[in-house]
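K.L.:
Any chance you could fold what I've pasted below:
(chains A, B, C and D)
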2 protein chains.
Amino acid sequence: MQVTANDARATPGRPRPNLAAVAALAGVSPSTASLAFSGSGPVSAATRERVLAAAVRLDYAGPDPRAQSLRRGRSGIIGVVIEDRLSDAFRDPMNVAMLDGLADEAGSLGAGLLLLTENGVGAASIRNAPVDAVVLIGCSTGLADQVAIFRQRGIALVAIEAEPMADVLAIDLDNRAASAALAGHLGTLGHSRIAMVTLPLDATRSRGPLTDETVARSTGFTALERIRGVREVFPLAGGRVAAFSSVEEGYAAGLALLSDRGAADRPTAIIAQSDLLAVGVIRAAEHLGLAVPTDLSVVGFDGVKLDGITPHDLTTMVQPAVEKGRAAGRGVIALLRGEHPAPVDFRCTLHHGATTTMPQIQ
Amino acid sequence: MQVTANDARATPGRPRPNLAAVAALAGVSPSTASLAFSGSGPVSAATRERVLAAAVRLDYAGPDPRAQSLRRGRSGIIGVVIEDRLSDAFRDPMNVAMLDGLADEAGSLGAGLLLLTENGVGAASIRNAPVDAVVLIGCSTGLADQVAIFRQRGIALVAIEAEPMADVLAIDLDNRAASAALAGHLGTLGHSRIAMVTLPLDATRSRGPLTDETVARSTGFTALERIRGVREVFPLAGGRVAAFSSVEEGYAAGLALLSDRGAADRPTAIIAQSDLLAVGVIRAAEHLGLAVPTDLSVVGFDGVKLDGITPHDLTTMVQPAVEKGRAAGRGVIALLRGEHPAPVDFRCTLHHGATTTMPQIQ
DNA sequence: CGATTCGATCGAATCGATTCGACTAAGCTA
DNA sequence: TAGCTTAGTCGAATCGATTCGATCGAATCG
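P.N.:
Residues are numbered from 1 along each chain as shown, chains lettered A, B, ... in the order given. Sure thing, here's the model as predicted:
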């Protein structure tokens, strides 16, 4: 029971005053004091002054948000469910951009974002979090359980790029069509030996060849959709699965796809599921003495800024990541208002860079 | 007023049952029902069964977290104050790593992380957030106001790398000493024309030359400490201020420091305040035809993984970023227990890479 | 001048759970 | 069998604010 630094009112400090105490000191009823603070009712200027003065005297910090949220039935908090470790999720600039857009809209509502990771004890936090709504980000198809919990609690749900679910507002991207368009672009140029470098297919983030089995077991909605899109054009396209959306992973996958193969055996084009992966693939190609796009065409996905990361002007599908987050935020707001917002579908736009050309004649 | 998909019980849905309703259906008092749920009291197995069955019948989702947090005086939420836009803050891998460590410890407590940005309307959310504790990350020295608010609310405070403040648990890094050591390393090698590329000096994130004036106006604690450390060795060292910790910014700063100068005029070594900046500087040097380290020595800070980003083995100060977050988390836990945890000071370790050598004789 | 309205204030109920103290009945000891 | 313990249950107070309806005095209107 040390008494050192007992000025630290961190936790035990003397009990904070409440509105009733302020009201008592000001000589008014708690209800009047409440009105004076919230400004939602007729209060004479004189009483308001008195209440505010009393609050200052008592060092009252304003209404307790916990009590407010109980009374109002709203906490002003939006949950964000992220399946990964934060460091993994935030490694992908797209996720960060989405979160940024979401934070923007949430901020306009005066709401905060509560990060909910589902790993470990986090399950408890999903069950107990005082959230008004939840946005599912970069989530696998295997979160039916979580969704059920939230639904039972009567919490509004929004999912970004997820398998359609009942009672969940979908914010989607045309991953499939966009990937098909990229593949089509390469097909038009004359490519036929195509390989993919995909985003992780499940939460284990295991790196390796893209096999029918790994695809069948996959829970990564976005990655799957993009694979499907490519296979609409090249039904047999294979490739590698990356563990992260990063330059290093792209580099490793690129080496795996390009090393130890003759020109006749090697893919003439690689479709990477993210720009970072694409940059890695390009580095691998160049490391192996292959010129891009002469010896190898490479396309990416996302449309992130690559200045300073690569000198190439990458051909890629530009997606409105921040806008996805914004749309999710607006969806939340509408749901909380009791409206029935319509699902949103975003479109990618093809950026015609300089990393694709016709395949060399062999 | 469409009635489509009216199954969406998102918001308006019929009112959720409460514990009292469950108790009534089970034929017990609310207090007993509460005991049955929390398990913190003697309840016969039969009664517990009955209560649980009633809960299932009513589709009761468990105690309302809002009411719990009012009653208990704890919300199970830890606020994280980030000064920047999220997309800016998360661009720096150090911040993400810290957050990850923090999330880890918070998760073990069953707590969630609430992102609080102070820009815009966010001020409202700082004032109203139902948090038990707050961690200040990457914050400027100009947040006395926020700290005052939290203190008034009796909220436990932890700051990572911030100017010491009363009643705020400090988690610090030896930025100054580590920077001095880096500078000393270069000094020992024989360098004397040193330039710095610093992290942003304030929230405006303006790019430009490092002048006495910008330093004097700066609010960036970490950046300032690192500048001070370097100037312990090279009192007159100047340089450039970057707008972000990124490769592109480093590249731009590198060009500004190295272009249009003769070998006798140019710095022989550059101290970058982050590894990403250092990589950018190296790219700029190489773009200008200067070899690293022969023509220019470069050091970084942080110790991030750079595989795939640069082939160089960067000489840098490795900091325990995840551990900083963990320590902050443990500090929060201790404070909430009413303990008086001691401040923590982390040390960087010098990684001797291959980007420094003796300056060329002119 | 009496009736009416309006502005300001207050009382009491409410949000949903937790918890302390009290009570009951059953099991035990002497 | 009287007296005592104890497991199980319940009532009521409490956390801190909001809000509806009622009240009271003063100002306005016919």
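K.L.:
how about the CA coordinates for the strand or helix carrying A:Ala46, as PDB?
P.N.:
Using DSSP states H and E, A:Ala46 maps to helix A:45-58. Provided in PDB are the C-alpha atoms of helix A:45-58 (Å, rounded to 0.1, in the frame of the first residue of the first chain):
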ATOM      1  CA  ALA A  45     -29.400  31.800 -19.200                       C
ATOM      2  CA  ALA A  46     -29.000  32.400 -15.500                       C
ATOM      3  CA  THR A  47     -29.500  28.800 -14.500                       C
ATOM      4  CA  ARG A  48     -27.200  27.500 -17.200                       C
ATOM      5  CA  GLU A  49     -24.500  29.800 -16.000                       C
ATOM      6  CA  ARG A  50     -25.000  28.500 -12.500                       C
ATOM      7  CA  VAL A  51     -24.800  24.900 -13.500                       C
ATOM      8  CA  LEU A  52     -21.700  25.400 -15.600                       C
ATOM      9  CA  ALA A  53     -20.100  27.300 -12.800                       C
ATOM     10  CA  ALA A  54     -20.800  24.500 -10.400                       C
ATOM     11  CA  ALA A  55     -19.400  22.000 -12.900                       C
ATOM     12  CA  VAL A  56     -16.200  24.000 -13.000                       C
ATOM     13  CA  ARG A  57     -16.000  24.200  -9.300                       C
ATOM     14  CA  LEU A  58     -16.400  20.400  -9.000                       C
END
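K.L.:
what's it packed up against?
P.N.:
Judged by 3 or more CB pairs under 8 Å, 6 or more residues apart in numbering or on different chains; DSSP states H and E, the packing partners of helix A:45-58 are helix A:19-26, helix A:30-38. Where you see a C-beta, it was placed from the backbone N, CA and C, and this is true even at glycine.
K.L.:
Quick check: A:Leu113 is in a strand.
P.N.:
Yes: assignment of A:Leu113 by DSSP: H, G, I helix; E, B strand; the rest coil places it within a strand.
K.L.:
roughly how far apart are the closest residue in space to it that isn't next to it in sequence and A:Arg72?
P.N.:
Once flanking residues are discounted, A:Leu113 sits nearest to B:Leu115: 4.6 Å by CB to CB, 6 or more residues apart in numbering or on different chains. When distance is defined by CB to CB, to the nearest Å, B:Leu115 is 22 Å away from A:Arg72.
K.L.:
the helices in the stretch 101-250 of chain A, which residues?
P.N.:
Per DSSP state H, counting those that start in this stretch, the stretch 101-250 of chain A carries helices over the ranges A:122-128, A:144-153, A:175-189, A:212-217, A:221-233, A:247-258.
K.L.:
near chain B, anything from the last one?
P.N.:
Yes: Helix A:247-258 reaches chain B (CB under 8 Å from any CB of the partner chain) through A:Val247, A:Glu248, A:Glu249, A:Gly250, A:Tyr251.
K.L.:
Tell me which residues are up against stretch A:38-51.
P.N.:
A:Val22, A:Ala23, A:Ala26, A:Gly27, A:Val28, A:Thr32, A:Ala33, A:Leu35, A:Ala36, A:Phe37, A:Pro63 (CB atoms under 8 Å, 6 or more residues apart in numbering or on different chains).
K.L.:
how close does the fourth one sit to B:Arg240?
P.N.:
The reference is to A:Gly27. Taking CB to CB, one finds A:Gly27 at 61 Å from B:Arg240.
K.L.:
Which one's more surrounded, those two?
P.N.:
Per other CB atoms under 10 Å in any protein chain shown, whichever of A:Gly27 and B:Arg240 has more neighbours is B:Arg240, with 24 against 11.
K.L.:
show me where pLDDT drops low in chain A?
P.N.:
Across chain A, the ranges flagged by pLDDT under 70 are A:1-14, A:119-124, A:141-142, A:362.
K.L.:
how about the strands in it?
P.N.:
A:77-82, A:112-117, A:133-137, A:156-160, A:169-173, A:194-198, A:208-209, A:238-241, A:269-272, A:297-299, A:316-318, A:344-346, A:349-351 (DSSP state E).
K.L.:
hang on, the earlier thing: of all the residues in the helix holding A:Ala46, which ones are buried?
P.N.:
With burial defined by 16 or more other CB atoms under 10 Å in any protein chain shown, the residues of helix A:45-58 counted as buried are A:Thr47, A:Arg48, A:Arg50, A:Val51, A:Leu52, A:Ala54, A:Ala55, A:Leu58.
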